[in-house]
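> Next input, structure requested:
(one chain, ligands or ions: 2)
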Amino acid sequence: MGRICSKCKKEKSLEEFFKASMVFKNPRINKDRKSTICKKCTLERTNLNRLNNLERYRKYGINWTKKNPERRKAIRQKYFRSPKGIYRNLIKRGKDHVLILQSDFINWYNVQPKYCFYCGIPENMVYKFAKGNMRNRLTIDRINPKGSYSINNIVLACGVCNFVKSDIFTKEEMLEVGKIIKIKWETLHD
Ligand SMILES: [Zn+2]
Ligand SMILES: [Zn+2]
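Ligands and ions are numbered 1, 2, ... in the order given. Take a look at the predicted model:
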């Protein structure tokens, strides 16, 4: 069962409509709680509005950032740690190497136990010895570093194991090295 977009007047399936804003959430008015304008028309309208008010949008963005530096930092950090952010980071470093769709990657990521595949450090402890951006999360390691990022070729690894392994150690060798690294983080203090 579809609905007719009030803008382009085309009949489209319900998935092609965004969830309605608060105003339309009243179930008596809007049974399926979907916008009356299709996604395509909504995005076109938003983009047009943005283009017509670029300067205002830009100023608004800058002001907000100035007023909320901590909040912005938190948002960025949260994004960086989210599967979406991690995926984007992979793409940024080389699109051709990524043979996974974003949705498949997110599904994969969400079911992974959050431990380093090699040394077993839990994600909430990687801050102990990983530096920079890697101190907050596990990284995506390619088992075969010459291969692509594909479901069969990736594991979660801490920044240290990922760095140590590079293209020197095989998976089996790295599992051995990981045992020594494990002793290291287990005996490290904060
Ligand atoms: Zn439309
Ligand atoms: Zn590790």
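> how does the protein divide into domains?
Domain assignment for the chain, taken from automatic domain parsing, gives 18-55, 68-187.
> just so I have it, where are all the strands in this protein?
2-4, 11-13, 17-19, 34-38, 139-142, 154-157 (DSSP state E).
> what's the longest one packed up against?
Right, strand 34-38. Packed against strand 34-38 by the contact rule (3 or more C-beta pairs under 8 Å, 6 or more residues apart in numbering; DSSP states H and E) you find strand 17-19. All C-beta spots, glycine's among them, are computed from the backbone N, C-alpha and C.
> try the second one
Judged by 3+ C-beta pairs under 8 Å, 6+ apart, the packing partners of strand 11-13 are strand 2-4.
> at contact distance from ligand 1, anything in the strand it packs on?
No: residues of strand 2-4 are not located near ligand 1 by C-beta under 5 Å from the ion, the shortest gap being 8.7 Å.
> OK, contacts around the residue nearest the centre of the chain?
The residue lying closest to the centre of the chain (C-alpha atoms, centre = their mean) is Lys84, at 1.5 Å. Lys84 makes contacts with 102, 106, as judged by C-beta atoms under 8 Å, 6 or more residues apart in numbering.
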